[in-house]
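> With the sequence up front, the predicted model follows.
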Amino acid sequence: MQKTVGQLLDAKGRDVWSIGPDATVYEALELLADKNVGAIVVVEDGRVCGIVSERDYARKIRLLERDSRKTRVGEIMTSEVWTITEDQSVAECMGSMTEHHIRHLPVVEADRLVGIITIGDVVKAVMAEQAFLIQQLEQYITG
């Protein structure tokens, strides 16, 4: 049986870091470094309005020689955010990530951010499921 996003969050934890669109990019970088994550969800009035990643910084600040202490997160964040719900499967999560070429997928319930799934989380879940299936097949074969 395919694991759900909610089950994955229960196993990995529901910690998710967020920042407001009016924060500076420098503040976002500090949070990324402090929490050792690659992306932060941008939340305004309790709702997901964007996502900002190390890639956004590299492409929209560093390469363009902008000042991260003066530039607001809202100016560089990705505004079109794909999300998933807890009841969806890990396979659906993987499909969405593949289709939209994304590595981070915020999990929302009733427009409220409840977690985040990364491509690493999905790979680990798929590998664990495959290992379990292999073990079951080996037990069946060896009786």
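Looks like it arrived, so ask away. Remember, predicted model here, so these are calculated numbers, not experimental data.
> C-alpha from now on. contacts and neighbour counts both.
Will do.
> The most centrally placed residue in the chain pairs with what?
When Cα atoms, centre = their mean is applied to the chain, the residue found nearest the centroid is His104 (2.7 Å). Beta-bridge pairing of His104 under DSSP bridges involves Thr118.
> quick one: it from Ile84, how far?
Between His104 and Ile84 the computed distance is 10 Å (Cα to Cα, to the nearest Å).
> Just say helix, strand or coil for Glu80.
coil (DSSP: H, G, I helix; E, B strand; the rest coil).
> Verify the contact between it and Val52 for me.
No: using Cα atoms under 8 Å, Glu80 is not in contact with Val52; the gap is 11.0 Å.
> With neighbour numbers in mind, choose between the two.
Under the criterion of other Cα atoms under 10 Å, the comparison of Glu80 against Val52 puts Val52 first, with 26 against 9.
> secondary structure element for the more buried one?
Assigned by DSSP states H and E, Val52 belongs to strand 47-53.
> Pull out the CA atoms of that strand and give them to me as CSV.
What follows is strand 47-53, C-alpha atoms only, in CSV (Å, rounded to 0.1, in the frame of the first residue of the first chain):
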residue,chain,number,x,y,z
ARG,A,47,-1.4,31.5,3.6
VAL,A,48,1.4,30.3,1.4
CYS,A,49,2.2,33.0,-1.1
GLY,A,50,5.6,31.8,-2.4
ILE,A,51,8.7,29.8,-1.8
VAL,A,52,12.3,31.1,-1.8
SER,A,53,15.3,28.9,-2.3
